[in-house]
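Visitor: Just to be clear, the model below is a prediction. Sequence and coordinates:
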Amino acid sequence: MKYRIKQRANLLARAIVIALVAPNIAGAADALEYTSASELSRMMTSNELTAVTLVEHLTARIAMLDKQGPSLNAIIELNPDAIEIATALDRERASGQIRGPLHGIPVLLKDNVDTADKMQTSAGSLAMVGQSAAKDAFIVKQLRAAGAIVLGKTNMSEWANVRDMTLPHGWSGRGGQSKNPHVLSAGVCGSSAGSAVAVAAGFAPLTIGTETNGSITCPATANGVVGVKPTLGLFSRSGVVPITRLQDTPGTLTRTVMDAALMFNALQGVDVADAATTDAPAGIDYTALLARDALNGKRIGYPVAYAGTYGVPLTPSFEFLMAMANMQEQGATLVPLTIRMPDMDGYFDALMGGMKHELPEYFASRTGLPVQSLQSLIEFNRINPGHEGYGQAMLEAIEASTTTAQEAAAIIETLRANFKEAIDEQLREHNLDALVSEDDGYSQFSAAVAGYPAITLPSGMRADGMPTSVFFFGTRWSDPQLLAMAYSYEQESAELKHPAFK
């Protein structure tokens, strides 16, 4: 009874807040938090909504749900200049200067993405709080140029889950423990947890995450949103706190595939500071192939087993069987496969070696911080653990690593080639357009090591209230085709469910 009374009080408070901060929405305010970026853009174009009103509405919602009520802890910091930026963008629109579909749309960034403003970039670490970054990350420049409003930074697994792999996902010393908005006691999964929680909870229509291996795909599944990991090299890593560029990539977390495609249009671009972007396709309209019939005539493979040292047979869930039936109804041909799982010897040694040599380069780009080296970070954490009993075994192992940068690169390049071929041989031999799986772990790992694009999107809900997902993946630079197939599935399945905060 007390909970119901409190719940009703929260609902009343929410209604009052909305009435105060969004008086001009003419009854649409209740839906704003879950409105897609593409629809918000349309509303702004038709003068039904302003960027200022939207920022005020979302800020009020964050205040109500992130540190109060369910206390999701998805937001680590809000941009104090967001209203000023929104006001300037509204003025531009009024004068006829419209930068594109992201003009005036708020976006939240994972706390490992540099912003040259009043916010910190800390990778969730108390040791990194001091002076703001001197420059925007390349992808932040792209977003600002497209008219997006950086609303704030999202919580993350501290140091992208490499402080200590036994720590809970979604916890950081600076941001605390993020919670799953669908089932508050459930896990959030992956280091981009705050970005996934935030978009699921209606804190912003667009968020940025990063992935080395599973840090976008896993939280997208756990929180029931659309997570897209692009082909390695499509998005720049300049200004992103590294594990290692041998494997790292930024990506998107949104509620719709269309919104992800709009972000892809803004985020693409060659960065002279990141050599991996030089071969990326340029000037692609990632919305061009999005159509309800994009699955018609496609041949899509799905793994029934992974073979090799780490391989296992896979048993499909009911939700995945239903998802495949949906694809078949749309005209897709589903082909069962046994996919080779290459040996993974040396993989984690290579990641640790990569971070040991790349983190000092990142520290050199920052001034005014309490730490300036991995060793000083470890010493800081010993004195300031952020939570009693929480260690840093992984950071200590990285500091002790003897793997050279050249050895790390050689290991990753060999593994990447093997995992690429394991995927590509299936595509060739069975004349496939893409592969699809559920959250089996093996598919997600394979796509990440190969550096191949992948899209996770909702496929249903389990009896315990947790979301399920489907996972489309394919070969290098097949991002536009994967987005199209995911869009087609999304439009027919309509499996996005808003959280209950219980």
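Guide: Good, I have the coordinates. Predicted model, so just to flag it, every value in this text is computed and none were measured.
Visitor: Now do stretch 401-409, average pLDDT.
Guide: In this model, stretch 401-409 carries a mean pLDDT of 97.
Visitor: Tell me the first helix or strand C-terminal of the helix or strand encompassing residue 150.
Guide: Taking DSSP states H and E as the definition, residue 150 sits inside strand 149-154. Using DSSP H and E, the helix or strand that follows strand 149-154 in sequence is helix 158-161.
Visitor: Parallel or antiparallel, which strands does the next helix-or-strand element following that next one pair with?
Guide: As assigned by DSSP H and E, the chain's next helix or strand after helix 158-161 is strand 171-172. Strand pairing for strand 171-172, determined by DSSP bridges: strand 176-177 (antiparallel).
Visitor: what does the partner strand rub up against?
Guide: Residues from elsewhere that reach strand 176-177 (CB atoms under 8 Å, 6 or more residues apart in numbering): 73, 155, 168, 170, 171. Any C-beta I mention is one placed from the backbone N, CA and C, and that applies to glycine too.
Visitor: what's the closest of those residues to residue 43?
Guide: For the contacts of strand 176-177, the minimum distance to residue 43 (CB to CB) is 28.9 Å, reached by residue 155.
Visitor: what separates the closest one from residue 82, distance-wise?
Guide: In this structure, residue 155 and residue 82 are 18 Å apart, going by CB to CB, to the nearest Å.
Visitor: Who has more neighbours out of the two?
Guide: Taking other CB atoms under 10 Å, residue 155 and residue 82 do not tie; residue 155 has more neighbours (31 against 21).
Visitor: So what's the residue count around the residue lying closest to residue 493 once chain neighbours are set aside?
Guide: Among residues not flanking residue 493 along the chain, residue 326 sits closest, at 5.3 Å (CB to CB, 6 or more residues apart in numbering). Using other CB under 10 Å, residue 326 is surrounded by 18 other residues.
Visitor: which residues does residue 326 contact?
Guide: Residue 326 touches 489, 492, 493, counting by CB under 8 Å, 6+ apart.
Visitor: where does residue 210 land in three-state SS?
Guide: strand (DSSP: H, G, I helix; E, B strand; the rest coil).
Visitor: Excluding residues flanking it in the chain, which one is nearest it?
Guide: Nearest residue to residue 210 in three dimensions, chain neighbours excluded: residue 250, at 5.1 Å (CB to CB, 6+ apart).
Visitor: Could you pull up phi and psi at that neighbour?
Guide: Main-chain dihedrals, residue 250, degrees, to the nearest 10: phi -70, psi 160.
Visitor: how near is it to residue 375?
Guide: Using CB to CB, residue 250 is found at 28 Å from residue 375.
Visitor: Neighbour count: the two, which is higher?
Guide: Of the pair residue 250 and residue 375, residue 250 is the one with more neighbours under other CB under 10 Å, namely 28 against 12.
Visitor: Give me the number of neighbouring residues for residue 496.
Guide: For residue 496, using other CB under 10 Å, the count is 17.
Visitor: ok, it - contacts?
Guide: Neighbours of residue 496 in contact, by CB under 8 Å, 6+ apart: 224, 225, 255, 256, 458, 490.
Visitor: So the fifth one belongs to a strand, correct?
Guide: If I follow you right, that is residue 458. Yes. Assessed by three-state DSSP, residue 458 belongs to a strand.
Visitor: Excluding chain neighbours, what is closest to residue 41?
Guide: residue 101 (4.5 Å).
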